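Engineer: Kindly return the folded structure for what I paste below:
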Amino acid sequence: MSKRPLTLTAAAVTALTLSACGSSAAPGVEQAPGAGATQASVPKTTPTPTSGPLSKKPVITVPSTPAPTHLVVKDLIPGTGKTAQPGSTITVNYVGDLYSNGKEFDSSWKRNQPFTTTLKSGVGGVIQGWVKGIAGMKVGGRRELIIPPSLGYGKQGSPPTIPANSTLIFVVDLLSVS
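Structural biologist: Residues are numbered from 1 along each chain as shown. Sure, this is the predicted structure:
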């Protein structure tokens, strides 16, 4: 089954409700349908770069320190293009790992297809950690986000790939903003 990060459409909410795959979400956190699979809200329009630093899948290194309780944002490669703001339509490549064990739970790189979404929370949007963590990022940049459960999938997680109360690490490459 193809997985997409963090976007939830009305159809997905209905499917989730009918399949009884989860319980109510923490405030402002939307539960992804089974196995974390979601659908992009906007068709793919930006290809993955074929050269340069954003042309290769990043490797996430999980820190050996305890998981932070707040959002941690670190620019790995500063971008120079247009700036993402809440409400922008963005196209990204990303890798998502669990902080607890470094296991990859999702990646646009595995599908060889960038992910396009609106940078907003709630139905049709992404988790709050992405909205807060990607805002201010410039096109051409690569950013690491360490997202606590309160800004991710909360106490319900997104079974079976994201356990309850999971801190998440994403490396996100911003390919376009509109």
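Engineer: C-alpha only now, for contacts and for neighbours.
Structural biologist: Fine.
Engineer: which is the next helix or strand following the lowest-mean-pLDDT helix or strand in the chain?
Structural biologist: The helix or strand of the chain with the poorest confidence is helix 10-19; it has a mean of 36 (mean pLDDT, DSSP states H and E). For helix 10-19, the following helix or strand on the C-terminal side (DSSP states H and E) is strand 72-77.
Engineer: roughly how far is the helix or strand following that next one from the heart of the chain?
Structural biologist: Downstream of strand 72-77, the next assigned helix or strand under DSSP H and E is strand 89-98. Centroid separation for strand 89-98 versus its chain: 5 Å, with C-alpha atoms, centre = their mean, to the nearest Å.
Engineer: Stretch 128-137 too?
Structural biologist: For stretch 128-137, the distance to the chain centre is 10 Å (C-alpha atoms, centre = their mean).
Engineer: Buried ones in it, by neighbour count?
Structural biologist: Neighbour-count burial for stretch 128-137 flags 128, 129, 130, 131, 132, 133, 134, 135, 137 (criterion: 16 or more other C-alpha atoms under 10 Å).
Engineer: what do you get for stretch 57-69?
Structural biologist: Result for stretch 57-69 [16+ other C-alpha under 10 Å]: buried residues 57, 58, 60, 62, 67.
Engineer: Would you mind confirming that the fourth one makes contact with residue 102?
Structural biologist: Yes - because the distance of 5.9 Å satisfies C-alpha atoms under 8 Å, residue 62 is recorded as touching residue 102.
Engineer: thinking again about what came up before, got TSV for the buried residues of stretch 128-137, with distance to residue 108 too?
Structural biologist: Listed next are the buried residues of stretch 128-137 as TSV, based on distance: C-alpha to C-alpha, whole Å:
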residue	distance to residue 108
128	19
129	18
130	15
131	18
132	20
133	18
134	16
135	20
137	19
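Engineer: Would you mind putting those into TSV with pLDDT, secondary structure and distance to residue 176 alongside?
Structural biologist: Formatted as TSV, these follow (pLDDT from 0 to 100; DSSP: H, G, I helix; E, B strand; the rest coil; distance: C-alpha to C-alpha, whole Å):
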residue	pLDDT	secondary structure	distance to residue 176
128	96	helix	20
129	97	helix	19
130	97	helix	15
131	97	helix	15
132	97	helix	17
133	98	helix	16
134	98	helix	12
135	97	coil	13
137	98	coil	11
